[in-house]
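> Okay, predicted coordinates and the sequence, questions at the end:
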Amino acid sequence: MPVYSTACPRNCYSTCSFKVKVEDNKIVNIDPHPLNRATPEGICLKGLAYVERANSPDRILKPLIKNKATGRFEEASWDATFEILAEKIKYFQSGFGNHSILFYAASGMSGLVNGFSNSFWKMVGGATTMYGNLCWPAGLEATRITLGDNKHNAPWDLEHAKLIILWGKNSAETNIQEMIPIEKAIEKGATVVAIDPRRTQTAEKASLLIQPKPGTDGALALAIAKVIIKNKQYDQPFINKYVYGFEQFTESLKKHTLSEFADITGVSELYINQLAGLIGSVKPMTIIPGYGMQRFTNGGQTIRCILALSVITGNIGKSGAGWHYANLQSYVFDSVKEPMSYYPPAKPNGIFRRSISMAKLGEDMLAAKDPELKMIWVERGNPVAQNPDTNRVLKAFRNLDFRVVVDQFMTDTAMEADVVLPAKNMFEQSDIIGSYWNPYVQLKPKVVEPAGEVKPETEIYYWLAKKMGFVEDEILKYLPKPNNEAIEEFLKENIKRFPELDYEKLKAGPMLAKSHEEIAFADMIFDTPSGKIELYSEKANQNWGVNPLPAYVETIENEHNQAKYPLHFLSPNTKNRIHSQFNNLKVIQLVGAEPFVEIHPEDALRRNISDGDQVKVFNDNGFFILKARFNFSIRRKCVAISNGWWIQQGGSTNFLSKGRETDMGHGTAFHDTMVEIIKMGVGE
């Protein structure tokens with residue numbers, strides 16, 4: 001039975017390496033891969049579910065075309081489908097212009113080969129594209145502005161920390177491999193602090209749990225900094241040599257008293273002082289922020305405030321010390337693929353002359369003029385369920401003349417399509433991937449032939465270009481030949497640019513790029529205008545219009561200005577899904593078949609809600625009907641529904657969110673959301 005080394009290409013911290021067994025062109029077993037020091041002990045339930053995912057009877061295996069009369073999808077031949085697609089693209093281009101077509105691509109599967117999608121739309125003359133990101137860009141931009149780069153110590157170095165602050169990071173569910181070095185650190189005597197409105201599985205490993213009001217983490221960090229500076233627990237020699245703007249930062253903290261910070265955050269002065277005492281005295285310290293906090297409208301500044309604690313205590317560039325937000329050291333192929341989407345929109349280049357906001361997808365689609373949008377092509381994403389303001393996104397989709405979705409399953413977005421094209425799975429085409437947590441470059445080889453009539457996206461584009469009348473020589477300037485051998489040649493040519501990498505060795509397991517730094521910033525070189533760590537950043541103000549200093553600004557929606565909706569709505573990730581992926585699999589549904597809302601019993605009883613009651617969670621954007629589940633461990637005045645539920649499974653959490661961008665990075669402010677909850681049958 002053949003065994004292959006591969007890696008998970010999902011949008012997940014761990015990017016696990018594993019070994020897959022193949023029998024009769026089917027995936028039959030998945031085992032851990034010991035050569036990856038970051039993920040040596042096995043993969044998560046989602047990874048194990050690849051056996052079902054690859055062989056699922058619900059997988060789309062042929063092109064589907066919606067019958068306008070019945071509303072049902074019918075199987076079609078590839079030739080007939082290409083004929084329709086070519087005709088529609090040329091019709092909209094000639095009648096309304098290239099930019100009447102929207103190309104939407106998200107992060108459902110990572111890889112270098114994804115760049116060929118942009119190449120196709122470039123070849124055919126352009127399209128409206130997306131800018132921004134649903135995930136992490138506010139924090140990326142905040143870190144880059146402060147430190148000059150997004151990198152952190154190797155994951156296994158974490159075991160050398162004496163203090164670990166898990167700030168909004170639920171590693172036990174969203175980055176399970178990170179718990180290995182955390183537990184080793186605990187065994188060596190390290191103290192772990194969790195900061196989260198929810199008492200998560202990760203918090204169970206902590207000695208101290210702090211539960212601030214959602215959206216006020218920046219104020220909490222500034223309060224801690226105020227105490228550290230007052231008690232002279234900052235690292236003066238480190239600051240003198242490597243930090244720019246400390247004096248201005250210190251002066252800015254006088255704006256609020258400690259009592260005022262306590263009132264803003266809902267965290268008592270006692271706990272602020274206790275946490276400041278730990279951070280100011282225990283070294284080495286690592287802060288691990290999650291991505292949830294930077295998905296508020298004040299997200300970038302929040303991350304700058306928290307990062308300032310690592311800076312003023314000198315916990316940068318040392319073993320066991322650091323800032324573990326994003327480690328892009330394995331993203332060595334960025335120069336040959338589509339630009340990182342967290343950057344500001346590129347200037348018009350004559351081909352891609354218009355882009356719309358990922359965060360405001362529905363609003364921007366409806367507002368597009370000259371030309372109006374007539375068609376959308378979606379791949380690697382499920383925007384109907386996963387982008388903010390689902391009702392408006394649905395309206396925008398239904399306002400179009402033609403919709404194409406490339407996917408493996410009939411997601412909520414695929415259900416809205418006119419044509420659904422079967423997408424490859426991770427085992428059916430070779431690619432190279434990096435990770436935003438572990439430092440490895442990894443090969444994801446083709447190990448089985450595509451199921452049914454599935455064609456990888458590169459091949460879809462190749463044959464579509466042929467149908468549109470492009471000649472072979474012209475196509476090959478943009479796209480590979482329609483076979484995996486051409487893809488492997490493309491990968492080998494790019495790997496040659498990095499002498500430390502070897503294609504044959506990558507077949508056996510992950511490799512480290514030459515750029516890898518075991519201890520990030522150990523050389524104390526910071527790619528900032530001053531050459532130092534910048535607490536004061538003119539770039540922050542110039543590029544994003546925010547305070548040059550880390551500063552707390554209220555979120556757009558909060559409990560003070562939303563009296564009608566007094567509950568903070570949280571939509572955290574869960575260990576059983578990657579957003580809306582895997583949710584349709586039977587093995588995943590065994591551990592959670594329907595959504596529920598977590599609510600503190602005190603908040604529930606005030607609303608005459610009992611545990612298990614059917615309730616309506618709502619605001620002016622929309623509503624969600626589901627069962628209530630009591631949870632004493634969630635902060636009062638907060639309710640939580642894990643994100644990723646399909647509309648078909650009961651509803652998307654994004655019925656409740658509004659399309660807003662973060663303060664920097666063009667991120668998505670999902671969490672600026674306040675709601676009310678009532679028992680069904682009582683005034684609904």
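Everything's here; your move.
> Now do the helices in the stretch 251-400 of the chain.
258-265, 269-281, 299-312, 361-367, 383-386, 390-398 (DSSP state H, counting those that start in this stretch).
> chain center to stretch 508-522: distance?
22 Å (C-alpha atoms, centre = their mean, to the nearest Å).
> chain center to stretch 325-333, what's the gap?
That offset, for stretch 325-333, works out to 14 Å (C-alpha atoms, centre = their mean).
> ditto for stretch 674-684
Centre to centre, stretch against its chain (C-alpha atoms, centre = their mean), the figure for stretch 674-684 is 31 Å.
> List the contacts of that stretch.
557-559, 562, 564-569, 597, 599, 603, 607-609, 613-619, 625, 628, 639, 656 (C-beta atoms under 8 Å, 6 or more residues apart in numbering). Quick note: C-beta positions are derived from backbone N, CA and C, even for glycine.
> Which of those fall within strands?
Members of these lying in strands (criterion: DSSP state E): 567-569, 597, 599, 614-618, 625, 628, 639.
> Just put these in CSV and tack on distance to I30 and pLDDT.
Listed next are the ones in strands among the contacts of stretch 674-684 as CSV, based on distance: C-beta to C-beta, whole Å; pLDDT from 0 to 100:
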residue, distance to I30, pLDDT
L567, 40, 97
H568, 38, 97
F569, 36, 97
V597, 33, 97
I599, 37, 98
Q614, 38, 97
V615, 39, 97
K616, 41, 97
V617, 37, 97
F618, 41, 97
I625, 37, 94
A628, 36, 97
V639, 36, 98
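> what about stretch 498-516, how long is it end to end?
This stretch, stretch 498-516, spans 12 Å end to end (C-alpha to C-alpha, to the nearest Å).
> cool, and stretch 231-243?
End-to-end distance (C-alpha to C-alpha), stretch 231-243: 19 Å.
> got the buried residues for that stretch?
Neighbour-count burial for stretch 231-243, counted by 16 or more other C-beta atoms under 10 Å, picks out 234-235, 238-239, 242-243.
> same thing with stretch 170-190?
So, applying 16+ other C-beta under 10 Å, buried residues of stretch 170-190: 170-182, 185-186, 190.
> Run through who's touching it.
12-14, 16, 38-41, 44, 155-164, 166, 169, 192, 196, 198, 200-202, 204-205, 288, 290, 437-438, 572-575.
> Give the ChimeraX command for selecting the buried subset of these.
Restricted to buried positions by 16+ other C-beta under 10 Å, the ChimeraX selection for the contacts of stretch 170-190 reads:
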select :12,13,14,16,38,39,44,155,156,157,158,159,160,161,162,163,164,166,169,192,196,198,200,202,205,288,290,437,438,572,573,574,575
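> Of the contacts of stretch 170-190, which belong to strands?
Per DSSP E, those map to strands at 163-164, 166, 192, 288.
> how about JSON lines for those residues, with pLDDT and distance to L328 added?
Shown next, in JSON lines, are the ones in strands among the contacts of stretch 170-190 (pLDDT from 0 to 100; distance: C-beta to C-beta, whole Å):
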{"residue": "L163", "pLDDT": "98", "distance to L328": "25"}
{"residue": "I164", "pLDDT": "98", "distance to L328": "22"}
{"residue": "L166", "pLDDT": "98", "distance to L328": "21"}
{"residue": "V192", "pLDDT": "98", "distance to L328": "26"}
{"residue": "I288", "pLDDT": "98", "distance to L328": "16"}
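> could I get those residues as TSV with distance to R392?
Formatted as TSV, the ones in strands among the contacts of stretch 170-190 follow (distance: C-beta to C-beta, whole Å):
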residue	distance to R392
L163	44
I164	40
L166	35
V192	41
I288	34
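> now, the most widely separated pair of the buried residues of stretch 231-243?
Maximum pairwise distance in the buried residues of stretch 231-243, criterion C-beta to C-beta, is 12.5 Å, between Y234 and Y242.
> Name the next helix or strand following the longest helix seen in the chain along the chain.
Longest helix in the chain by number of residues (criterion: DSSP state H): helix 78-96. Counting by DSSP states H and E, the element after helix 78-96 in chain order, helix or strand, is strand 101-105.
> Which elements pack onto that next one?
helix 78-96, helix 115-123, strand 129-131, strand 375-379 (3 or more C-beta pairs under 8 Å, 6 or more residues apart in numbering; DSSP states H and E).
> I'd assumed P284 was in contact with K162.
Yes. The pair K162 and P284 qualifies as a contact (C-beta atoms under 8 Å) at a distance of 5.8 Å.
> Find residues that contact each of the two.
G320.
> how close does A276 sit to K241?
From A276 over to K241 the distance is 23 Å, taken as C-beta to C-beta, to the nearest Å.
> hang on, I meant K446
For K446 relative to K241 (C-beta to C-beta), the value is 51 Å.
> any idea of the angle the helix or strand that contains I182 forms with strand 163-167?
If you go by DSSP H and E, I182 is part of helix 179-187. Computed by axes from the mean of the first three to the mean of the last three C-alpha atoms, to 10 degrees, the angle separating helix 179-187 from strand 163-167 equals 140 degrees.
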